[in-house]
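J.: Got a sequence here, can you build the structure:
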Amino acid sequence: MESALTSLTALYMGIPVWAWIAAGLAVLVLIILLISVAVASHRRSKWDHSFDLRMADARWFADSLTLAVADRTKGTPELVRTWTDGVPRMSTLSQQLYELSTVAPTEKRARQPRQLASAVDGLRQALDADVRLRTQGYAPGQDAVIAESAMVVGQRRRDLDMTIAGMRH
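T.: Predicted coordinates for the structure are as follows:
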């Protein structure tokens, strides 16, 4: 019995067995820590990539679709077709942004897609109202209302531009 006890506390290369066990546990903890950091980094990277794609869609919305819909030289059929083609993409973008905010790795990152979704929704609503005003017949005084609608669309577009510019890039 004494020889077994002696062997447990024996020195291995001049170091007690308990020190070797502690060192082994420390190495194991370090490996687990490195793996969890790598996994968290991968998740953040994947989230960042997804958010970058949504920001590109928002940029397209502000720079392409909005300018095409706000173009006062388009006839009603072309205007309706352009807007009808773009609305589903904008709805999907908004939904994806809100979903991204729920799986964000940090609170700061969760705020960014919500802010972007809010700006996208604001511009989409302004454009939708503008299209309805321009396509549902004419009433006296409507020119002033349509001109005011164009100003609202312009402001909401600038709001979206500022929101995109204020993001982490």
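J.: Contacts for whichever helix or strand residue 156 is part of next, please.
T.: Using DSSP states H and E, residue 156 sits in helix 142-165. Outside helix 142-165, the residues that touch it by Cβ atoms under 8 Å, 6 or more residues apart in numbering are 55, 58-59, 61-62, 66, 70, 72, 115-116, 118-120, 122-123, 125-127, 129-130, 133-134. (C-beta placed from N, C-alpha, C; glycine too.)
J.: Also stretch 48-60?
T.: 89, 93, 96-97, 100, 109, 112-113, 116, 119-120, 160, 163-164, 167, 169.
J.: Only the buried residues of stretch 152-164, if you could.
T.: Within stretch 152-164, the residues scored as buried using 16 or more other Cβ atoms under 10 Å are 152, 153, 156, 157, 159, 160, 161, 163, 164.
J.: With residue 93 as the reference, measure out to the last one.
T.: As judged by Cβ to Cβ, to the nearest Å, residue 164 and residue 93 stand 12 Å apart.
J.: With the third one instead?
T.: Using Cβ to Cβ, one gets 15 Å for the distance from residue 156 to residue 93.
J.: swap in residue 157?
T.: Residue 157 sits 15 Å away from residue 93, taking Cβ to Cβ as the criterion.
J.: Next: residue 111.
T.: For residue 111 relative to residue 93 (Cβ to Cβ), the value is 17 Å.
J.: what about these two, which has more around it?
T.: The residue with more neighbours, out of residue 111 and residue 93, is residue 93; 22 against 12, by other Cβ atoms under 10 Å.
J.: Apart from its neighbours in sequence, what residue is nearest that one?
T.: Closest residue to residue 93 apart from its sequence neighbours, by Cβ to Cβ, 6 or more residues apart in numbering: residue 57 at 4.8 Å.
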